[in-house]
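# Sequence and computational prediction follow.
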Amino acid sequence: MKSVTGIVLAGLLMAAAQCGLAAEDWLKSIPEFSLTDQYGAVHSLDQYQENEFVVFYVQGNGCPIARIALPSLREVRAEFADRDIEFLAFNSNIQDTPAAISREAEHFGIDFPILKDTGQELAKALGVERTAEVFIVDPRTREVLFRGPINDQLGYETQRNSASRHYLKDALNTVLAGGTVDMQDIPDSKGCLIAIFGS
C-alpha cells in the first residue's frame, strides 16, 4: 500500500511541476510584425512605442462569441480612453480574406483595426487557439503581461446578463499601477477554434 501511495504522490508532484512549467510559458513575448488591416493600412509594433500598452483582441469572422464580446471590449476601451492604450484586433483564420474581414467589420460596427495575420505568425508566437481572447502587450519590451477573456459573461452556449469578473479591466488597472497580473486567477478564454497550420 505504501509503495502505491508513493507512486501516486510522485505522479501528482510530477504533474504539478509540469503545470508550473506550462504556467511559465503561458505568457510569451510578441514578435515584431507588419500586417495590413481592413482599411488597407499597414501596422507594426514599432509604431506603438509611445503607447503605454497595446490590447490585442483575437477576431474571427462568423464566431458568435467573438461577435457578442465586442460591446464588452468597447466598454473597456471607453473606460481607458484617457490613457494612452491602443486597441487592435487580429484575425488568424486562413479562410477569412481581407475583403471578408472588412465586410464583417462593417456589419458589426468594428471600429478598430483588424490586422490580417496572413501567415499566422502572431497566432503561433502567442500560442493562440481560439477567438475572443485578449492580450495586453508592452510595446517597448514586447512582453505579454496578460492573456485571457475580457470578462466572465460568455461561455459555450451560455451568456450571463452581466459580468461579475472583469479580467481585462482589472489587468489593465494592475499593469498601469506597475503591478503584475496573477495569471493563476485567470480562466481560459472561450471562443471559436482557430486551425493553426504547421504547428
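The structure has been received and is ready for your questions. Residues are numbered from 1 along each chain as shown.

# Any stretches of this protein with poor pLDDT?
Low-confidence segments of the chain, defined by pLDDT under 70: 1-27, 154-162, 199.

# The chain: strands as residue ranges?
34-36, 42-44, 53-59, 85-91, 114-116, 134-137, 144-148, 154-155, 158-159 (DSSP state E).

# List the residues that contact the spatially most central residue of the chain.
In the chain, the centroid-proximal residue (Cα atoms, centre = their mean) is Val134; its distance is 2.5 Å. The neighbours of Val134, taking Cβ atoms under 8 Å, 6 or more residues apart in numbering as the test, are Val55, Phe56, Tyr57, Val58, Leu73, Phe146, Arg147, Gly148, Pro149, Ile150, Leu168, Ser189. (Glycine included, C-beta is placed from N, CA and C.)

# Ranking by neighbours, what's the top pick from those residues?
The most crowded member of those, judged by other Cβ atoms under 10 Å, is Val58 (29 neighbours).

# That residue against Phe90, yeah?
Yes - if you go by Cβ atoms under 8 Å, Val58 and Phe90 touch, sitting 6.6 Å apart.

# and for those two, which residues touch both?
Ala123.

# thinking again about what came up before, and the residue nearest to the centre of the chain, bridged to which residues?
For Val134, the beta-bridge partners are Tyr57, Gly148 (DSSP bridges).

# What distance do you get for it to Leu73?
7 Å (Cβ to Cβ, to the nearest Å).

# Likewise for Tyr57?
Taking Cβ to Cβ, one finds Tyr57 at 6 Å from Leu73.

# what does Val54 give?
Look at Val54 and Leu73: by Cβ to Cβ, they are 14 Å apart.

# Gly119 now?
Applying Cβ to Cβ to Gly119 and Leu73 gives a distance of 25 Å.

# close enough to count as contact, Ile186 and Phe146?
Yes - the pair Ile186 / Phe146 is scored as a contact, 7.4 Å apart, by Cβ under 8 Å.

# okay, and the common contacts of those two?
With Cβ under 8 Å, 6+ apart, Ile186 and Phe146 have common neighbours Tyr167, Ala171.

# number of nearby residues for the residue nearest to Ala163 when sequence neighbours are not counted?
The shortest distance from Ala163 to any non-neighbouring residue, by Cβ to Cβ, 6 or more residues apart in numbering, is to Asn151 (3.6 Å). When neighbours are counted by other Cβ under 10 Å, Asn151 registers 22.
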